[in-house]
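mind folding the following:
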Amino acid sequence: MATPVQKNFKREMTLLNKEGHSWYDSKYNSFNGKKKKRSFGKVIFILAALMASGLITKVYNEFQIAHDQKIRNYLQERDQYFIAADMGLKQMIHQFNRNQDSSLAPLLPKIIETHTNIQNNYDLLRDIDPPREFRAFHESTMDTITLHKVSVEYLLTAAQTNTYRQDIITAYINESNLELSKLRSNLIAGLQKADIKYQVNEDGSLTYWVQEHGYESVFN
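Numbers count the residues shown, from 1 in each chain. Here you go, the predicted structure:
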């Protein structure tokens, strides 16, 4: 026969089971809750210590510097190849306009030189992997230099076969100039996406600033 103490314990256990948990569950949940609070408190303490030491700020600054330098390196490399190709085409067009001969034969050496120059720089630009903020700008760059390349390829063929037509080269150059006009707006869009400070100069050129270690660098 159960003693009064055993009967009382049995009643308490029955009540606890009806509530959906046991004495062990209650003690475990209480202990687990305290453990989580202590862990959360440790995380807050560690974050506060990192902020006080300036480590988080230093890490962010290093990340920003690396980000800006990647963009600077891309723009400088892109400009090196694109400007070389663009200047080559402009110099050839200048000679082309001064040519008094009805044939392109006297210009053939210059056309071949320009074609080689543009093809080489086209290949170099095609191999560049631009930052994600400048993908549209790089696509516009490739569209422009492709039209440069096609224009010179037409002149090369026309000079070799004596089949030059003014209307065809004019159409190529007009299309190339149209693509060229899109470059600046795409460059500005890329700078804005990358949160790079810039200004538009009176002559229409752009100046932008990138973060360095302890100072900003200015590029045109």
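
just the buried residues of the strand ranked longest in the chain, please?
Longest strand in the chain by number of residues, with DSSP state E as the criterion: strand 206-211. Buried residues in strand 206-211, counted by 16 or more other CB atoms under 10 Å: 208-211. C-betas here are computed from N, CA, C, even on glycine.

what's the closest of the residues you listed to residue 67?
The shortest separation between residue 67 and any of these is 8.1 Å, and it belongs to residue 211 (by CB to CB).

tell me the bridge partners for that closest one.
Per DSSP bridges, residues listed as beta-bridge partners of residue 211: residue 216.

is it true that it touches residue 66?
No: checked against CB atoms under 8 Å, the pair residue 211 and residue 66 is beyond contact range at 9.3 Å.

low pLDDT regions in this structure?
Applying pLDDT under 70 to the chain flags residues 1-64, 100, 102, 212-220.

what about 90?
1-69, 92-107, 162-166, 169-170, 172-173, 176-177, 180-181, 200-220 (pLDDT under 90).

show me the strands in it, by range?
Listed in chain order, the strands of the chain (DSSP E) span 198-200, 206-211, 216-219.

buried sites along the first one?
Pointing back at strand 198-200 there. Neighbour-count burial for strand 198-200, counted by 16+ other CB under 10 Å, picks out residue 198.

what does it rub up against?
188, 191, 206-209 (CB atoms under 8 Å, 6 or more residues apart in numbering).

cutoff 7 Å now
Contacting residues not belonging to strand 198-200 are listed as 191, 206-208 [CB atoms under 7 Å, 6 or more residues apart in numbering].

now distance to residue 108 too, for those, in a markdown table please.
Rendered in a markdown table, the data for the contacts of strand 198-200 read as follows (distance: CB to CB, whole Å):
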| residue | distance to residue 108 |
| --- | --- |
| 191 | 42 |
| 206 | 37 |
| 207 | 41 |
| 208 | 41 |
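
now the two most distant members of these.
The span of those, defined through CB to CB, is set by 191 and 207 at 10.6 Å.

residues touching the nearest residue to residue 108 once chain neighbours are set aside, list them.
Nearest non-adjacent residue to residue 108, counting by CB to CB, 6 or more residues apart in numbering: residue 159, 4.8 Å away. Taking CB under 7 Å, 6+ apart as the contact definition, residue 159 lies against 104-105, 107-108, 111.

buried subset of those residues?
The neighbour count (16+ other CB under 10 Å) marks 104, 107, 111 as buried among those.

among those, which lie within helices?
The helices in this structure, assigned by DSSP state H, contain residue 111 from the buried ones among the contacts of residue 159.

longest single helix anywhere in this structure?
As far as residue count goes, and with DSSP H defining each element, the longest helix of the chain is helix 55-98.

that one to strand 206-211, inter-axis angle?
Inter-element angle recorded for helix 55-98 and strand 206-211: 150 degrees (by axes from the mean of the first three to the mean of the last three CA atoms, to 10 degrees).

what packs against helix 55-98?
helix 108-126, helix 135-161, strand 206-211 (3 or more CB pairs under 7 Å, 6 or more residues apart in numbering; DSSP states H and E).

so how far is residue 148 from residue 156?
13 Å (CB to CB, to the nearest Å).

if you could redo that for residue 158, that was the one I meant.
16 Å.

those two: who's more crowded?
For residue 158 and residue 148, the more surrounded residue by other CB atoms under 10 Å is residue 148, and the numbers stand at 27 against 17.
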